[in-house]
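Engineer: Test case, fold it:
(4 chains)
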Protein chains: 2
Amino acid sequence: MITNRNTQPTIKEIAKRLKIAPSTVSRALHDHPSISWVTTMRVQKLAQELNYEPNLSAISFKQRKSFNIGVLLPNLSEVFFSTALYGIEDMASTKKYNVLIGQSLDDPQREERILLSMKNSRVDGMIVSVGKNTINYDHFDLLQKCNIPIVFFDCIPERKDIHFTACNLQIGMLMAINKLVEKGITNIALINGPKQLVASKQRQQIYFQGLKKNNLPYDEKLIGFTDLSKKGNQQAMIDLLKLENRPTAIITFNDYLALDAIAIAKEQNLVINKDIFFISFANLPIWEYMDDRPMASIEQFPYKQGEQAAKILFSLIDSLQNDQPIMDYQQIIFESKLIATLQ
Amino acid sequence: MITNRNTQPTIKEIAKRLKIAPSTVSRALHDHPSISWVTTMRVQKLAQELNYEPNLSAISFKQRKSFNIGVLLPNLSEVFFSTALYGIEDMASTKKYNVLIGQSLDDPQREERILLSMKNSRVDGMIVSVGKNTINYDHFDLLQKCNIPIVFFDCIPERKDIHFTACNLQIGMLMAINKLVEKGITNIALINGPKQLVASKQRQQIYFQGLKKNNLPYDEKLIGFTDLSKKGNQQAMIDLLKLENRPTAIITFNDYLALDAIAIAKEQNLVINKDIFFISFANLPIWEYMDDRPMASIEQFPYKQGEQAAKILFSLIDSLQNDQPIMDYQQIIFESKLIATLQ
DNA sequence: TTGTATGCGTTATCAG
DNA sequence: CTGATAACGCATACAA
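Structural biologist: Model (predicted):
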């Protein structure tokens, strides 16, 4: 049974006990040079005894600075995002910041609600990975107007005037296609994500480039689409395997899709990495334990992306703090890397 | 280039423009019955126009209530925890609470630091999953003294006087052993986690019970230990396979261990689910995609555990809010379930 | 129905 | 060196 009233000591409390002014206590606690050695000691000793801890809520109210950053992600349970969050928390922790999280679940309304809620709770800055279905970016501008810097991360709006970290899939995908061609595999398909996604457009473009650089013909039929549901994934794969010139390699939009596609191939008695090859992404940390896994994976560096996004954010917060205008947009693009997942 | 000063409108601002008192504005915004219809309308209209939003930082300072809950987990990137976090965020979101996260990385000092930091930022309550190496629980008591309720989750201290959600592995493990015995598999080993972990002790006890109920002899050699590092996992498995009466089934402390153990078995040309069987946990969502997977998995319900922990926490917060003493400890124990992972 | 006064905990400014 | 005072934005008890 707990009924104690909140009994956290305050500066006033200490002042009263020591019969000095609260402002003196405050200064003593901060080792202000103008306070005498004895007073400082007396204050700090009592503070220790009473287990005094500053009320951050009061401080952040007065200083208009919360030492909280907000992180808004589509889905916390996806490995890619949770790994990024790990990186963000880690960086924030070293900077003595707390991390407020929210997940949009790819629902634009929920995204907006969370964004506003974080604005109103006066986060010092935000890291945002935009949801799949977001088309309106007004709320983000709103935050900027309130002097809350935003760093976008991985899923970023198509705009020039933003800070962000992202991963350029180009190199990874081109390397992947080159590698396939080297092995004599030229009938390369792509199962892409929903057409409206920026990421899908990008992947498709790079896919074209890869074919072109290797003087491979472009066959529209070799591009499948899925809404990223399990059924959609399976159907896209089934359709590709029905083609006359059945693909011998498949690049998948993401790892979960790859899992479904590989399963379909196996159902049709194709031997993975013999009859058919896969290229996917390195978000699932356990490819290495699977027998039938993609030949290679494109590394997207979620941890680093998160860490660096946080780093950028803190630099922006510092600038604002010191009234330095923010002149240019910090944008870090990691180059994807192709990593062999077969030994 | 951004140099605007923070220009968020306040109640004072609205009051000045409307030439009425701030308190009137405050009440009008809250649809207080004592304020006239016209005034209320005028206020709300202007508030809308100015994009007024209450300063939550000020409110939480004044009301001594932050509408934030803290969540302290060992590791954000582990699927089990990130899934739980998903559940917590989801529940918090419906209750209009924000979620502050921290990860201890199983470092007791870091755990304590985060805990205190959250206390000082006046979270309304906390959900904590205790790290592997924590032996001192004083900080947790400290929070209680400050009227910050804590709900423990999954990794809980061995104490009666706490609120928690957890999963009872007993049923799942007994069912697993029964199932093995049914199939005529009786040489059942256990690879356990570090000895100092409560969870390890529990698992071992249940393992004993399971053997006993099935009238199986207890052979000390059939219990392996690992520090949960990859090397430790592998070594534990190698040692078991060296035994004269080599085990034909293995219960693993967690999924990652299972992955390593299965890999070793395969290296030694054992056929999984024929020469040797595995029982593991259902934390990895992708067992279904793997060929050589455990025969059955014990479900621990991370999402539900998180969701319910949050629910308990909000009920505690409500009670404190209304000055109702908290009479008893809310403890929800989910019964684990055995789910077949082979079709 | 509205206004005035007060205080939450802290710190900055100014005066002593 | 120290103290008094005001202010941050809001809610509320009390006064009118």
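Engineer: doesn't residue A:288 fall inside a helix?
Structural biologist: Yes. The assignment for residue A:288 (DSSP: H, G, I helix; E, B strand; the rest coil) places it in a helix.
Engineer: hang on, it packs against residue A:340?
Structural biologist: No. Here residue A:288 does not reach residue A:340: they are 10.9 Å apart, not a contact under Cβ atoms under 8 Å. (Each C-beta comes from the backbone N, C-alpha and C, glycine too.)
Engineer: wait, isn't residue A:106 in contact with residue A:133?
Structural biologist: Yes. If you go by Cβ under 8 Å, residue A:106 and residue A:133 touch, sitting 5.4 Å apart.
Engineer: how near is residue A:326 to residue A:317?
Structural biologist: The gap separating residue A:326 from residue A:317 is 10 Å, by Cβ to Cβ, to the nearest Å.
Engineer: ah, wrong one, I meant residue A:128
Structural biologist: 15 Å.
Engineer: So which of those two has more stuff around it?
Structural biologist: Neighbour count, other Cβ atoms under 10 Å in any protein chain shown: between residue A:128 and residue A:317, residue A:128 has more, with 31 against 21.
Engineer: what's the helix or strand for residue A:278?
Structural biologist: strand A:277-281 (DSSP states H and E).
Engineer: Show me what that strand is in contact with.
Structural biologist: Contact with strand A:277-281 is made by A:173, A:176, A:180, A:183, A:185, A:248-252, A:254-255, A:257-258, A:261-262, A:272, A:287, A:293-300, as judged by Cβ atoms under 8 Å, 6 or more residues apart in numbering or on different chains.
Engineer: for stretch A:95-111, the distance to its chain's centre please.
Structural biologist: Here stretch A:95-111 is found 10 Å from its chain centre; the criterion is Cα atoms, centre = their mean, to the nearest Å.
Engineer: anything in that stretch near DNA strand C?
Structural biologist: No. Taking Cβ under 7 Å from any atom of the strand as the criterion, stretch A:95-111 and DNA strand C are apart, separated by no less than 14.2 Å.
Engineer: Burial check on the residue in the stretch 151-300 of chain A that DNA strand D sits nearest to, number of neighbours?
Structural biologist: Proximity of the stretch 151-300 of chain A to DNA strand D (Cβ to the nearest atom of the strand) peaks at residue A:151, 25.1 Å away. The burial count assigned to residue A:151 is 29, neighbours taken as other Cβ under 10 Å.
Engineer: where does the stretch 1-150 of chain A have low pLDDT?
Structural biologist: Within the stretch 1-150 of chain A, the set of residues satisfying pLDDT under 70 comprises A:1-6.
Engineer: could you pull out the strands for it?
Structural biologist: If DSSP state E, counting those that start in this stretch is used as the criterion, the strands of the stretch 1-150 of chain A fall at A:68-73, A:98-103, A:125-128, A:150-153.
Engineer: Tabulate those in CSV, adding columns for distance to residue B:19.
Structural biologist: Listed next are these as CSV, based on distance: least, Cβ to Cβ, whole Å:
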stretch, distance to residue B:19
strand A:68-73, 36
strand A:98-103, 38
strand A:125-128, 36
strand A:150-153, 37
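Engineer: in the stretch 151-300 of chain A, which spans are strands?
Structural biologist: Counting by DSSP E, counting those that start in this stretch, the strands of the stretch 151-300 of chain A are A:163-168, A:188-192, A:223-225, A:249-252, A:277-281, A:296-299.
Engineer: Show the contacting residues for residue A:188.
Structural biologist: If you count contacts by Cβ under 8 Å, 6+ apart, residue A:188 has them with A:177, A:180, A:210-211, A:216, A:222, A:247-251.
Engineer: Neighbour count and distance to DNA strand D added to these, as TSV?
Structural biologist: Formatted as TSV, these follow (neighbours: other Cβ atoms under 10 Å in any protein chain shown; distance: Cβ to the nearest atom of the strand, whole Å):
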residue	neighbour count	distance to DNA strand D
A:177	27	56
A:180	24	59
A:210	22	54
A:211	19	57
A:216	16	61
A:222	23	57
A:247	23	60
A:248	18	63
A:249	23	59
A:250	28	55
A:251	29	52
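Engineer: so how far is residue A:299 from residue A:292?
Structural biologist: Distance, residue A:292 to residue A:299, by Cβ to Cβ: 20 Å.
Engineer: Can you pull the poorly scored residue ranges out of the stretch 201-343 of chain A?
Structural biologist: Those would be A:342-343, if you go by pLDDT under 70 across the stretch 201-343 of chain A.
Engineer: ok, 80 please
Structural biologist: Low-confidence segments of the stretch 201-343 of chain A (pLDDT under 80): A:282-283, A:323-327, A:340-343.
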